[in-house]
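K.L.:
Fold the stuff below for me.
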Amino acid sequence: MPVESHIDSLKMRHQELDSQLEEMKVASSVDATELRNLKQKKLVIKDKIERLKAQKLN
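P.N.:
Numbering: from 1, shown residues only. Okay, here's the model as predicted:
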C-alpha cells in the first residue's frame, strides 16, 4: 500500500474513533475502560500517522 493511501486510511480510522468518543461523552452511562481504550487506540493511530509522514519526508 502506498504510504499516502495508508496515511489516509489511518486518518479515517482516527476520525471514526473521535466520533465514537464524542458519542460516548453524550451518553448517559460511559464505560471508563472503553473510553480509555478508545483514547489509547486514537493515540496509537496518531503516532503511526506522524511516523509515516516523517518517513515520507526523508
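K.L.:
mind checking how far Val30 is from Glu22?
P.N.:
Counting by CB to CB, to the nearest Å, the separation of Val30 from Glu22 is 12 Å. (C-beta placed from N, C-alpha, C; glycine too.)
K.L.:
higher neighbour count, these two?
P.N.:
Val30 (13 against 10; other CB atoms under 10 Å).
K.L.:
pLDDT averaged over the longest helix seen in the chain - what is it?
P.N.:
As assigned by DSSP state H, the longest helix anywhere in the chain is helix 32-57. Helix 32-57 shows a mean pLDDT of 94.
K.L.:
For that helix, name the packing helices and strands.
P.N.:
helix 3-26 (3 or more CB pairs under 8 Å, 6 or more residues apart in numbering; DSSP states H and E).
K.L.:
got the angle between the longest helix of the chain and helix 3-26?
P.N.:
Angle of helix 32-57 versus helix 3-26, following axes from the mean of the first three to the mean of the last three CA atoms, to 10 degrees, is 160 degrees.
K.L.:
which parts of helix 32-57 are buried?
P.N.:
38, 41-42, 45, 49 (16 or more other CB atoms under 10 Å).
K.L.:
Give the helix, strand or coil label for Ser29.
P.N.:
coil (DSSP: H, G, I helix; E, B strand; the rest coil).
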